[in-house]
Every structure is written in C-alpha cells, then in structure tokens.
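> Here is a sequence together with a model predicted from it:
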Amino acid sequence: MDYTGSQSEKAVPAGDLGRSHIGQTISFQPNEFTVVFGKLAGIARTEAMVYLSLTGVGNGTHLKDEYDLPVTHEVYVPVDVISNAESTIKDLFGKVQENLRGSGHKGGEDLTDRL
C-alpha cells in the first residue's frame, strides 16, 4: 500500500507538526499495511522521532492511539483553505496587472492602482 493523502490534504514531515495542528484530523501510513486517520491530540518529539497521540483511533483490536514516526515521515494535514485562496487571489491580481500594462492602456490614470 502506498498512501498519498487526498486532494484536501497536504504532506508535511512529522517533525514539522506543532501546536497549530492539535485538534486537526490527520492521516499517515505508519507501516506498509496500515493507514491511520485520527484527530491529533498531542505531540512529543526528540531529535529523531515524533510521538503522536490521537483521539478517535484507539480501543479497537488492532488499533492504536499512539504512534512514533521518524521526523521525516510524511503526515497529511488539511490544506489551509484561506492561505490557498490568498495565494490564488494574489496570482490572479498579478496577471490582471500584467495584462493591463501590456495592453497599451491610454489615459491619465493607472488602472492597476484601483485594483
């Protein structure tokens, strides 16, 4: 099995997880046979390992609610919709500015100042 997350998730190294991720639903593949989905309850870290505590995963016969991963192991977190929207808007705004500059606009005012 080779889990690569969903379209609404982005991959981050386990070592990059921090306080802002607590409470988010994350997913990862801790071994060759298992994919885990759960709400991040806590993080502990050493130089080489990250220890994750999850809610909504444990209490099953084969399910754990604690995992230890190397700091480079990919964990999938929800995409930050607001940051993505900001980036898209900035890109579109830049394209509009380029089009206005390149269109040979004539007149007394610079239309890019009004956008």
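Noted; the coordinates are in hand. Just so we're clear, the structure is a prediction, and the values are computed from it rather than from any experiment.

> And the host helix or strand of Q29, what's buried?
Secondary structure assigned from DSSP states H and E places Q29 in strand 25-31. For strand 25-31, the neighbour count (16 or more other CB atoms under 10 Å) marks I26, S27, F28, Q29, P30 as buried. Just so you know, the C-beta spots here come from the backbone N, C-alpha and C atoms, and that holds for glycine as well.

> contact partners of that strand?
Residues from elsewhere that reach strand 25-31, judged by CB atoms under 8 Å, 6 or more residues apart in numbering: 1-3, 5-6, 9, 14, 17, 35-40, 52, 54, 67, 69, 73-78.

> and the lengthiest strand in the chain, what does it pack onto?
Looking across the chain with DSSP state E, the single longest strand is strand 34-45. Other elements packing on strand 34-45 under the criterion 3 or more CB pairs under 8 Å, 6 or more residues apart in numbering; DSSP states H and E are strand 25-31, strand 49-55.

> Tell me which of these sits nearest to Q97.
Nearest to Q97, of all the helices and strands packed on strand 34-45, is strand 25-31, at 38.0 Å by CB to CB.

> relative to strand 49-55, how tilted is the strand holding Q29?
130 degrees (axes from the mean of the first three to the mean of the last three CA atoms, to 10 degrees).

> then strand 25-31 to CSV, C-alphas only?
Extracted in CSV, the C-alpha atoms of strand 25-31 (Å, rounded to 0.1, in the frame of the first residue of the first chain):
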residue,chain,number,x,y,z
THR,A,25,-7.7,15.3,11.6
ILE,A,26,-4.5,13.9,10.1
SER,A,27,-3.7,10.8,8.2
PHE,A,28,-0.5,8.8,7.6
GLN,A,29,0.9,5.4,6.9
PRO,A,30,2.9,4.2,9.8
ASN,A,31,3.8,0.9,8.2
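
> now that strand: how far from the chain's centre is it?
Remark: strand 25-31 is offset 13 Å from the chain centroid, using CA atoms, centre = their mean, to the nearest Å.

> I appreciate the help and will end here.
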